[in-house]
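S.K.: Turn this into a structure:
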Amino acid sequence: MNRRKMLGSAVGVVTAGLVLSEQMAHAVDAPVETCAAGCGDCATTCLSCAAECLNELAAGAVDRKACIQLCLDCADVCSARSRIAARKGPMSAMIAKLCAEACDKCADECEKHTDDEACQACAKSCRACAKACRESI
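M.R.: Predicted coordinates for the structure are as follows:
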């Protein structure tokens, strides 16, 4: 076999290995990527819910204080989780667990407001985010 053919074969094997490694890494990281995206969406939904609850609070709904606080905290935790997951930080699993817990607490509070569309959407988003975070650990 001449050197050119050997070099061509070696390059092909290395290229195939790199493509396969990249595909495997992508497959392994799929739950983390799903969690990162879900956390970003959840943070946005929590902020929207907090804004709506502020309006409700201003209109006299005194039961919205806890909801606002939990939504704001949850949005912050979800944002942090999204960023840490995206860069595959060493604290990723720890923040994922915290994020799931924050989302559960926020969802529990939002589900109490059955007549509020923003709260119901937030609860749904939080439940999905908590599930994705647990699956990414």
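S.K.: Can you point out the buried residues in stretch 97-111?
M.R.: Using 16 or more other CB atoms under 10 Å as the test for burial, stretch 97-111 gives 99-100, 102-107, 109-110. For the C-beta atoms, the positions are set from N, CA and C on the backbone; glycine is no exception.
S.K.: So which residues of the chain form helices?
M.R.: Applying DSSP state H to the chain gives helices spanning 3-58, 65-86, 92-110, 117-136.
S.K.: Make a markdown table out of these and add mean pLDDT.
M.R.: Listed next are the helices of the chain as a markdown table, based on pLDDT from 0 to 100:
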| stretch | mean pLDDT |
| --- | --- |
| helix 3-58 | 71 |
| helix 65-86 | 96 |
| helix 92-110 | 97 |
| helix 117-136 | 97 |
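S.K.: ok, of the buried residues of stretch 97-111, which one's closest to residue 76?
M.R.: For the buried residues of stretch 97-111, the residue nearest residue 76 by CB to CB is residue 102; the value is 8.6 Å.
S.K.: correct me, but that closest one touches residue 73?
M.R.: Yes: using CB atoms under 8 Å, residue 102 is in contact with residue 73, at 6.2 Å.
S.K.: my read: residue 105 touches residue 69, true?
M.R.: No: counting by CB under 8 Å, residue 105 sits too far from residue 69 to count as a contact (10.3 Å).
S.K.: residues contacting the residue positioned nearest the centre of the chain?
M.R.: For the chain, the residue nearest the mean C-alpha position is residue 39 (2.3 Å; CA atoms, centre = their mean). By CB atoms under 8 Å, 6 or more residues apart in numbering, the residues touching residue 39 are 78-79, 81-82, 85, 99, 129, 132-133.
S.K.: how much space between it and residue 56?
M.R.: 25 Å (CB to CB, to the nearest Å).
S.K.: Then residue 84?
M.R.: Distance of residue 84 to residue 56, computed by CB to CB: 32 Å.
S.K.: tell me the contacts of residue 50?
M.R.: 67-68, 71-72, 75.
S.K.: wait, residue 102
M.R.: So residue 102 contacts 70, 73-74, 77-78 (CB under 8 Å, 6+ apart).
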